[in-house]
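compute the structure for the input listed below.
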Amino acid sequence: MRIASWNVNSVGARLPKLVDWLGTAEPDVLCLQELKCAEDAFPYDEIGALGYEVAAHGTGRWNGVAVLSKVGIEDVRRGLLDEPGFLADGAMFEAVEPRAIGATCGGVRVWSVYVPNGRDITHAHYAYKLRWLDALRATAAEELAELPFAVLGDFNIAPTDADVWDIAEFAGCTHVTEEERKALTALGEIGLAEVLPRALKYDVPFTYWDYRALRFPNNQGMRIDLAYGNERFTAAVTDAYVDRNARKGKGTSDHAPVVVDLDLP
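Sure thing, here's the model as predicted:
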């Protein structure tokens, strides 16, 4: 079984790339993030033509997540347990954003997550990010059971200093703070372990490279797209890698897919 995760940075803008990649990589399940479209605007026909069922969670031009599956989709859950909202600039009320969706696919429980960016450690979005990660931990703890279980997606956190091209460039920034990394450690405390992918090129399997300043050709990246699983999931992993080739060329996402292969009984 092949399960993958990809922040596509707009499923509409990236549809040709997504269709090509699905035809080449042939994942059984794909978790998508940053759809940037409402659920009724998702390209169901194009993806369905490749044999995938889709469960999507999106409200408009920002955020949005989905699970694509060739092995069935059951028990779809949109949103986290007691998921916090965010009060955007100029808004009167907090809004719960479409950042998490869970589904059971071929006997594996998967969650596709798009963790808030945090923006700046002094910004309200950073505190929101930490609250959101608490809700993710609570949701995962509630759902852990006998099934293989995994949370995959754009976590917007680099687990270690080695997971950014130059830690000195991130002094005082989000994505590398102790509080964010503690949230990842908390997933381990409930029985989830990270599936570490291998790199197809270079030493560190970066998953994100900014479009600006030639970050990709200079390999100035970050490893922020992650996969966590329970023991039944991680014990079945036979390979995991970052498909850096999907980041090449024009019109690509600024993220690369993370691919996990499993041998399940």
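
okay, and the beta partners of Trp111?
In this entry, Trp111 is beta-bridged to Gly102, Val151, by DSSP bridges.

find the nearest non-adjacent residue to Glu179, please.
Spatially, and ignoring its direct neighbours in sequence, Glu179 is nearest to Leu130 (5.9 Å; C-beta to C-beta, 6 or more residues apart in numbering). Just so you know, the C-beta spots here come from the backbone N, C-alpha and C atoms, and that holds for glycine as well.

likewise for Val11?
Distance criterion C-beta to C-beta, 6+ apart; nearest residue to Val11, sequence neighbours excluded, is Leu35 at 4.7 Å.

repeat that for Gly60.
Gly60 sits nearest to Ala38 (C-beta to C-beta, 6+ apart), 5.4 Å away.

so which residue is dead centre in this protein?
Gly153 (1.2 Å; C-alpha atoms, centre = their mean).

and that residue, that one's in a strand?
Yes. Counting by DSSP: H, G, I helix; E, B strand; the rest coil, Gly153 is found in a strand.

now do the strands in the chain.
2-7, 29-33, 53-57, 65-69, 74-78, 100-105, 108-114, 149-154, 193-194, 198-199, 225-229, 237-242, 258-262 (DSSP state E).

Provide a list of residues in contact with the residue nearest to Gly60.
By C-beta atoms under 8 Å, 6 or more residues apart in numbering, Ala38 lies in contact with 58-60, 64.

Leu196 is in contact with Ala240, correct?
Yes. Counting by C-beta atoms under 8 Å, Leu196 is a contact partner of Ala240 at 6.8 Å.

neighbour count for the two, which is higher?
Using other C-beta atoms under 10 Å, the more surrounded residue of Ala240 and Leu196 is Ala240, with 20 against 12.
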